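Q: have a look at this fold, sequence not included:
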């Protein structure tokens with residue numbers, strides 16, 4: 001699959017998933033809004049019926065002729081609080097009976113609290129909390145023939161009910177618009193519609209799992225593609241790095257196989273030197289690959305020693321200058337510290353300095369000039385290695401420390417390598433609990449900064 005094709009597939013799949021999420025969100029929101037509307041309508045109808053029954057009861061028992069405007073009897077004060085204007089005295093026990101009965105008739109199976117406004121004390125009193133499983137009271141709705149007997153029973157019941165409640169303030173807010181009214185509060189109104197949208201929650205849960213799986217699949221695809229490209233580049237680099245010394249050794253061995261080579265001792269010496277150098281080069285490349293494999297398997301054990309930075313860095317620079325890659329170039333050293341001691345593994349620390357210096361020389365299109373500086377800051381000791389090479393673009397400065405990564409240069413490969421050097425540098429500094437960063441060295445080149453934290457007292 002081509003890179004563009006994969007990109008289009010991912011974009012299309014992403015928009016598809018986002019579309020499904022938006023559709024699910026709108027469906028869920030509309031479902032909740034619809035159930036909110038149904039709850040409000042059912043509550044309003046039930047409370048209107050309760051108001052009508054209370055008025056009818058007063059008319060039959062007390063002979064009242066007061067009528068209530070039923071369409072405007074219910075007033076929604078807040079999302080879960082309603083007041084009902086009856087414009088007459090309200091019997092607490094009878095109100096409870098009618099509320100439980102009508103809520104069941106309208107399938108309002110939710111907890112609720114009710115209270116009656118006491119105009120003398122200007123408080124909501126006779127409050128009571130009822131659960132959805134409460135049974136209705138045994139009070140019987142009176143007929144005209146029973147009104148006289150029920151009136152006496154009602155007074156006794158009312159006295160008993162008032163004695164128990166003692167007109168305690170229930171805490172529900174009052175409404176200044178009416179004088180004779182009762183209030184109904186739904187503390188857990190969401191129960192009414194949460195069960196009805198439960199299926200949507202289940203669907204959204206499955207959708208979330210699908211999205212997570214989709215994201216993980218994309219991650220695996222990108223990771224595998226990256227590993228495939230890394231593997232291809234590594235094999236190409238490995239082939240080149242091994243083929244060149246092998247070809248040199250093969251050619252030199254053929255020359256040395258000629259019996260007449262004995263007559264030319266200088267040529268014999270030169271070709272023997274070529275074989276030795278190329279063999280050493282092959283050995284170094286193999287050691288580098290094996291070394292990185294050992295570090296990856298967490299088998300590396302650091303042999304920490306007390307190291308004086310100034311002397312150690314100067315010795316590392318001197319050793320590098322005497323090596324094959326460093327004997328032709330200018331490397332200067334400058335330190336702001338008289339003495340600085342750190343805990344480090346001398347072998348690996350030296351290899352870190354070698355790798356950075358080697359890269360500074362290899363990736364330079366003019367006479368390399370390298371400056372090594374040691375300073376101290378609030379963060380600790382800092383080792384800066386500044387070069388005048390081709391530099392590193394900002395978008396690649398974090399990537400260069402990844403294994404096998406090499407800055408893309410198209411089909412041009414002026415400098416061959418495995419992309420292991422800076423990965424090794426990063427892992428060694430991390431194992432030491434140090435930090436390495438790359439910055440721009442204006443006007444040209446890069447600065448590698450190793451920060452060594454101070455020892456805790």
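A: That came through fine. Values in this document were obtained by computation on a predicted structure and should not be read as measured data. Numbering: from 1, shown residues only.
Q: tell me the helix or strand right after the lowest-mean-pLDDT helix or strand in the chain.
A: Of all helical and strand segments in the chain, the minimum by mean pLDDT, DSSP states H and E falls on helix 147-165, at a mean of 46. Per DSSP states H and E, the first helix or strand lying C-terminal to helix 147-165 is strand 181-185.
Q: which strands and helices lie in contact with that following strand?
A: Judged by 3 or more C-beta pairs under 8 Å, 6 or more residues apart in numbering; DSSP states H and E, strand 181-185 is in contact with strand 81-85, strand 112-118. Where C-beta positions appear, they are placed from N, C-alpha and C, glycine not excepted.
Q: so how far is residue 432 from residue 305?
A: 12 Å (C-beta to C-beta, to the nearest Å).
Q: higher neighbour count, the two?
A: Higher neighbour count among residue 305 and residue 432: residue 432, with 20 against 13, using other C-beta atoms under 10 Å.
Q: kindly reformat the helices and strands packed on strand 181-185 as TSV containing mean pLDDT, mean neighbour count and distance to residue 361.
A: Formatted as TSV, the entries for the helices and strands packed on strand 181-185 read as follows, by pLDDT from 0 to 100; neighbours: other C-beta atoms under 10 Å; distance: least, C-beta to C-beta, whole Å:
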stretch	mean pLDDT	mean neighbour count	distance to residue 361
strand 81-85	89	22	80
strand 112-118	87	22	83
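Q: just put those in TSV and tack on distance to residue 52.
A: Converted to TSV, those look like this (distance: least, C-beta to C-beta, whole Å):
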stretch	distance to residue 52
strand 81-85	10
strand 112-118	17
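Q: quick one, which of these is nearest to residue 371?
A: Smallest distance to residue 371 across the helices and strands packed on strand 181-185 (C-beta to C-beta): 76.4 Å, for strand 81-85.
Q: beyond the closest one, next helix or strand please.
A: helix 92-105.
Q: where in the stretch 351-457 of the chain is pLDDT low?
A: For the stretch 351-457 of the chain, the stretches with pLDDT under 70 are 403-420, 456-457.
Q: just the strands in it please.
A: 369-376, 380-386, 435-440, 446-453 (DSSP state E, counting those that start in this stretch).
Q: can you redo the ones you listed as CSV with mean neighbour count and distance to residue 317?
A: What follows is the strands of the stretch 351-457 of the chain, written out as CSV (neighbours: other C-beta atoms under 10 Å; distance: least, C-beta to C-beta, whole Å):
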stretch, mean neighbour count, distance to residue 317
strand 369-376, 18, 6
strand 380-386, 19, 10
strand 435-440, 16, 18
strand 446-453, 19, 14
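Q: so which of these comes closest to residue 264?
A: Nearest of those (C-beta to C-beta): strand 369-376, 39.8 Å.
Q: I'd like to know which elements that closest one is packed against.
A: Using 3+ C-beta pairs under 8 Å, 6+ apart: strand 369-376 touches helix 309-322, strand 330-335, helix 346-362, strand 380-386.
Q: how far off centre is the last one?
A: Averaging C-alpha coordinates over strand 380-386 and over its chain gives two centres that are 34 Å apart (C-alpha atoms, centre = their mean, to the nearest Å).
Q: for the stretch 51-200 of the chain, which spans come out with low pLDDT?
A: Looking along the stretch 51-200 of the chain with the criterion set at pLDDT under 70, you get 62-72, 132-170, 190-200.
Q: again, 80 this time
A: 58-72, 88-89, 120-121, 126-128, 131-171, 188-200 (pLDDT under 80).
Q: what about the stretch 201-350 of the chain, any weak spots by pLDDT?
A: 201-208, 211, 214-215, 218-219, 221-245, 277-278, 280-301, 322-329.
Q: dump the residue contacts of residue 384.
A: Listed by C-beta atoms under 8 Å, 6 or more residues apart in numbering, the contact set of residue 384 reads 371, 372, 373, 374, 375, 447, 448, 449, 450.
Q: ok, the first one to residue 265 distance?
A: Taking C-beta to C-beta as the measure, residue 371 and residue 265 are separated by 44 Å.
Q: and for the third one?
A: Here the criterion is C-beta to C-beta. By it, residue 373 lies 48 Å from residue 265.
Q: ok, the fifth one next?
A: Residue 375 sits 53 Å away from residue 265, taking C-beta to C-beta as the criterion.
Q: how about the second one?
A: Computed with C-beta to C-beta, the distance linking residue 372 and residue 265 is 42 Å.
Q: in the stretch 1-150 of the chain, which spans are strands?
A: 74-78, 81-85, 112-118, 123-130.
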